[in-house]
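# Next comes the sequence, and after it the predicted model I'd like to discuss.
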Amino acid sequence: MIRVLVVDDQELVRSGLRMLCESAPDIEIVGEARNGSEAVRMAGDELPDVVLMDLRMPVMDGISATRSILANRPSVQVVALTTFDDDDHLYPALAAGACGLLTKDSSPAELLTAIRRAANGENPFSTGVLRRVMDRAVGADDTPAASALPTLTDRERDVLTQLGYGLSNAEIAERLTVSVTTVKTHIAAVMDKTGSRSRVHLALLAVRAGLVGA
């Protein structure tokens with residue numbers, strides 16, 4: 001069972017997310033928070049696997065809350081929820097440690113899939129959001145340096161390229177005709193060699209290095 005904490009300052013949004021998650025047999029809502037401060041406290045009390053985090057909230061915003069939650073419980077997967085025109089928050093949310101980003105107009109199926117992907121250690125993004133984040137991140141100072149690329153094997157470089165396109169482990173495995181376990185092993189090796197903190201940072205590295213679109 002995937003334990004989910006819902007964080008949003010609008011009661012209607014929280015209720016909708018709860019109803020949707022309760023319709024899935026493998027997802028359990030363990031709490032609702034109205035702001036980032038409540039989210040930090042509840043993440044410690046309820047021990048969720050995944051946090052659905054609104055970014056614009058009173059008291060403490062979602063970016064600060066994400067940073068605080070992950071400082072105490074780095075195993076938690078935070079999926080940021082944003083409006084389509086909220087570009088100023090996209091990259092800061094990832095820099096704070098969010099594993100993915102969804103727009104609030106995502107379909108119910110997209111949201112449930114995103115929760116499952118996050119719980120599986122993958123990076124869920126709404127269509128088009130990853131591309132927008134990467135466009136803004138090219139040249140950013142806190143993405144891993146491309147100087148580490150020569151240390152990668154050809155297969156590790158292949159996996160890094162596919163991460164740059166936002167593919168899941170299963171999708172990468174199918175495209176490269178290898179097992180999911182092999183993909184995970186390569187990702188761990190690339191993270192170690194490049195000093196990357198997350199799969200998202202690997203995707204950003206792929207963009208900066210020109211691997212995406214090559």
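Everything's here; your move.
# Every contact and neighbour count from this point should use C-alpha atoms.
Noted.
# quick one: residue 25 is in a helix?
No. Counting by DSSP: H, G, I helix; E, B strand; the rest coil, residue 25 falls outside a helix, being coil.
# so the closest residue in space to residue 152 that isn't next to it in sequence is in which element?
With Cα to Cα, 6 or more residues apart in numbering as the criterion, residue 152 has its nearest non-adjacent residue at 7.0 Å, and that residue is residue 190. Element membership for residue 190 (DSSP states H and E) is helix 180-194.
# quick revisit: OK, contacts around the residue nearest to residue 152?
Taking Cα atoms under 8 Å, 6 or more residues apart in numbering, we find residue 190 in contact with 152, 156, 160, 196, 202.
# Tell me the most packed of those, by neighbour count.
Within the contacts of residue 190, neighbour counts (other Cα atoms under 10 Å) peak at residue 160, which reaches 29 neighbours.
# Let me know the pLDDT of the spatially closest residue to that residue that is not a sequence neighbour.
For residue 160, ignoring the flanking residues on the chain, the nearest one in space by Cα to Cα, 6+ apart is residue 206 at 6.2 Å. We have a pLDDT of 82 for residue 206.
# In three-state terms, how would residue 81 be classified?
At residue 81, secondary structure determined by three-state DSSP is strand.
# Give me the neighbour count for it.
28.
# Which residue in the contacts of residue 190 has the weakest pLDDT?
residue 196 (79).
# follow-up on the earlier one: and the next element down the chain from the helix holding residue 190?
Beyond helix 180-194 toward the C-terminal end (DSSP H and E), the next one is helix 199-208.
# With residue 119 as the reference, measure out to residue 20.
17 Å (Cα to Cα, to the nearest Å).
# Looking at those two now, which is surrounded by more residues?
Just comparing residue 20 and residue 119: by other Cα under 10 Å the higher neighbour count belongs to residue 119, 22 against 16.
# Using PDB, write out the CA atom coordinates for the helix holding residue 190.
Taking C-alpha atoms only, helix 180-194 is exported to PDB below (Å, rounded to 0.1, in the frame of the first residue of the first chain):
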ATOM      1  CA  VAL A 180      14.900  -3.100 -15.400                       C
ATOM      2  CA  THR A 181      17.400  -4.300 -12.800                       C
ATOM      3  CA  THR A 182      20.200  -3.500 -15.300                       C
ATOM      4  CA  VAL A 183      18.800  -0.100 -15.800                       C
ATOM      5  CA  LYS A 184      18.700   0.600 -12.100                       C
ATOM      6  CA  THR A 185      22.300  -0.600 -11.800                       C
ATOM      7  CA  HIS A 186      23.400   1.800 -14.600                       C
ATOM      8  CA  ILE A 187      21.500   4.700 -13.000                       C
ATOM      9  CA  ALA A 188      23.200   4.100  -9.700                       C
ATOM     10  CA  ALA A 189      26.600   4.000 -11.400                       C
ATOM     11  CA  VAL A 190      25.900   7.300 -13.300                       C
ATOM     12  CA  MET A 191      24.700   9.000 -10.200                       C
ATOM     13  CA  ASP A 192      27.900   8.000  -8.300                       C
ATOM     14  CA  LYS A 193      30.200   9.100 -11.100                       C
ATOM     15  CA  THR A 194      28.600  12.400 -11.700                       C
END
